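J.: Below are the sequence and a predicted model; questions follow.
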Amino acid sequence: MSRPSWSRVVLKLSGEALAEPSGFGLDNSVLSQVANELREAREELGTDIAIVVGGGNFWRGLKGAGQGMDQAQADYMGMLATVMNGLALQDALERAGQQSRVMTAIEMPKIAEPYIRRRAQRHLEKGRIVILAGGTGNPFFTTDTAAALRCAEIEAQAILKGTHSGVDGVYTADPKLDKTATRYDQISHMDVITKGLKVMDSTAISFCMDKKLPIVVFDLLAPGNVKSILKGEQVGTLVG
């Protein structure tokens, strides 16, 4: 099946995708690579790009809750971690020559704009890349769910789920543990849920299924993948 190209997308990045090899902190070379690829995609294809970023390279709410911390408190800490990543991405984008704005679900006007749907859409229309940090602004919801929600709100047509560590799509099993695992070129939302495949959390997948939002799962760090996807080429796995 040929894949469509889209005029507006949400790129979902995990915090770990931006991390140093240790899995913690920020890798400037990765930030620079991602920023340059997004600038090129924006300039050459004219696609509106919003980014929802995680914070797992600094803090994961589930880890804090697992250590006895109040989960809501731990989740709020995770939201702050996503803002740190958002600011780092903004810096990398602007060093690459791409205008950007950071918008947060939790207001912190000293460093970022509050998330307002129509303002985010206006930034996109002006050619800026919009970085959406702070998750949904609510505890108990992941940044996967934030990506699905924001995708629907700003009228984007697809979610691009960038993976790391060499995983380049959705597999029948974990390819790092099962050498016989095979990659799907395309799979439905329902099959992802029923097969228990680790694409995004179940709330996000269910939301995308209800809203008929496709998800492309691909290797973020393979050069040229973002542009190839936006051109409609076969890259990674299409969930839809």
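T.: That came through, no problem.

J.: which residues touch the nearest residue to residue 125 once chain neighbours are set aside?
T.: Excluding its sequence neighbours, the residue lying closest to residue 125 (C-beta to C-beta, 6 or more residues apart in numbering) is residue 48, at 7.4 Å. Backbone N, C-alpha and C define where each C-beta goes, glycine included. Taking C-beta atoms under 8 Å, 6 or more residues apart in numbering, we find residue 48 in contact with 7, 8, 9, 124, 125, 156.

J.: Near residue 130, how many residues? Count them for me, please.
T.: 25 (other C-beta atoms under 10 Å).

J.: Next, it: secondary structure please.
T.: strand (DSSP: H, G, I helix; E, B strand; the rest coil).

J.: That one and residue 101, how far apart?
T.: Counting by C-beta to C-beta, to the nearest Å, the separation of residue 130 from residue 101 is 5 Å.

J.: shared neighbours of the two, which are they?
T.: Joint contacts of residue 130 and residue 101 (C-beta under 8 Å, 6+ apart) are residue 123.

J.: Can you spell out which helices and strands pack onto the helix or strand of the chain with the lowest mean pLDDT?
T.: Sorting the helices and strands of the chain by mean pLDDT, DSSP states H and E puts helix 61-66 at the bottom, at a mean of 73. Packing partners of helix 61-66 (3 or more C-beta pairs under 8 Å, 6 or more residues apart in numbering; DSSP states H and E): helix 71-95.

J.: Given the helix or strand following the helix it packs on, what are its sheet partners and their directions?
T.: Next helix or strand after helix 71-95 toward the C-terminus (DSSP states H and E): strand 100-104. Partners of strand 100-104 in the sheet, by DSSP bridges, are strand 113-114 (parallel), strand 129-133 (parallel).

J.: What about residue 48? Give its phi and psi, please.
T.: As for residue 48, its main-chain torsions (degrees, to the nearest 10) stand at phi -70, psi 130.

J.: That one bridge partners, please.
T.: Per DSSP bridges, residues listed as beta-bridge partners of residue 48: residue 8.

J.: One more: the one 5 residues further on?
T.: With DSSP bridges as the criterion, residue 53 is bridged to residue 13.

J.: how about the helices in the protein?
T.: Along the chain, counting by DSSP state H, helices occupy 28-45, 61-66, 71-95, 117-125, 143-153, 189-194, 202-211, 225-230.

J.: Which elements pack onto the longest one?
T.: To tie it back to what came earlier, the one meant is helix 71-95. Right, helix 71-95 is packed against helix 28-45, strand 48-53, helix 61-66, strand 100-104, strand 129-133 by 3+ C-beta pairs under 8 Å, 6+ apart.

J.: rerun that using 10 Å as the cut-off
T.: For helix 71-95, the elements it packs on are strand 8-13, helix 28-45, strand 48-53, helix 61-66, strand 100-104, strand 129-133, helix 143-153, judged by 3 or more C-beta pairs under 10 Å, 6 or more residues apart in numbering; DSSP states H and E.

J.: Kindly reformat these as a markdown table containing distance to residue 161.
T.: Conversion of the helices and strands packed on helix 71-95 to a markdown table gives the following (distance: least, C-beta to C-beta, whole Å):
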| stretch | distance to residue 161 |
| --- | --- |
| strand 8-13 | 5 |
| helix 28-45 | 14 |
| strand 48-53 | 10 |
| helix 61-66 | 19 |
| strand 100-104 | 20 |
| strand 129-133 | 15 |
| helix 143-153 | 8 |
